[in-house]
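Q: curious how this folds, go ahead:
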Amino acid sequence: MADAIEKRVGDLEEMVGDIPRIMNYRFDIVSARFADVEAKLDAQGAKLDAQGARLAAVEAKIDALPRVLAEMLTEMLDERERRKS
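A: Model prediction:
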């Protein structure tokens, strides 16, 4: 009986001794997965930034349309008046 208890205590000591190693292993796995998620988020963020820049360029062109159209109309009317003269 004493031998069985000693063996069981030895097994428990070994299991307790393995806990830090197992915890570190699991934390390493979780840390690696978080790093992967962070990298994917960074990549998506960069894509969104690029799309935002393109959208800003389109908005600037749209905002300029009234002025450009007015200039074109003025030029067309001026040309029409020159042709009449």
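Q: can you pull out the helices in the chain?
A: 2-84 (DSSP state H).
Q: in it, where is pLDDT below threshold?
A: For the chain, not a single residue meets the criterion pLDDT under 70.
Q: what's around residue 73, how many residues?
A: Per other CB atoms under 10 Å, the neighbour tally for residue 73 reads 10. Every C-beta, even on glycine, is put in place using the N, C-alpha and C of the backbone.
Q: now residue 78
A: The local packing of residue 78 (other CB under 10 Å) involves 10 other residues.
Q: residue 22: how many residues sit nearby?
A: Using other CB under 10 Å, the number of residues around residue 22 comes to 10.
Q: for residue 29, see how far away residue 77 is.
A: 72 Å (CB to CB, to the nearest Å).
Q: now do residue 2
A: According to CB to CB, residue 2 and residue 29 sit 40 Å apart.
Q: look at the two and report which has more neighbours.
A: The neighbour comparison of residue 2 against residue 29 (other CB under 10 Å) goes to residue 29, with 10 against 6.
Q: ok, now which ones touch the more buried one?
A: If a contact means CB atoms under 8 Å, 6 or more residues apart in numbering, then residue 29 has no contacts.
Q: same deal with residue 7?
A: So residue 7 contacts nothing (CB under 8 Å, 6+ apart).
Q: separation between it and residue 18?
A: Taken as CB to CB, the span from residue 7 to residue 18 is 17 Å.
Q: one more: residue 30?
A: Going from residue 30 to residue 18 by CB to CB gives 18 Å.
Q: what of residue 27?
A: 14 Å.
Q: tally of neighbours for residue 52?
A: By other CB under 10 Å, neighbour count at residue 52 equals 10.
Q: please apply the same query to residue 37.
A: For residue 37, using other CB under 10 Å, the count is 10.
Q: show me how far stretch 76-85 is from its chain's centre.
A: 55 Å (CA atoms, centre = their mean, to the nearest Å).
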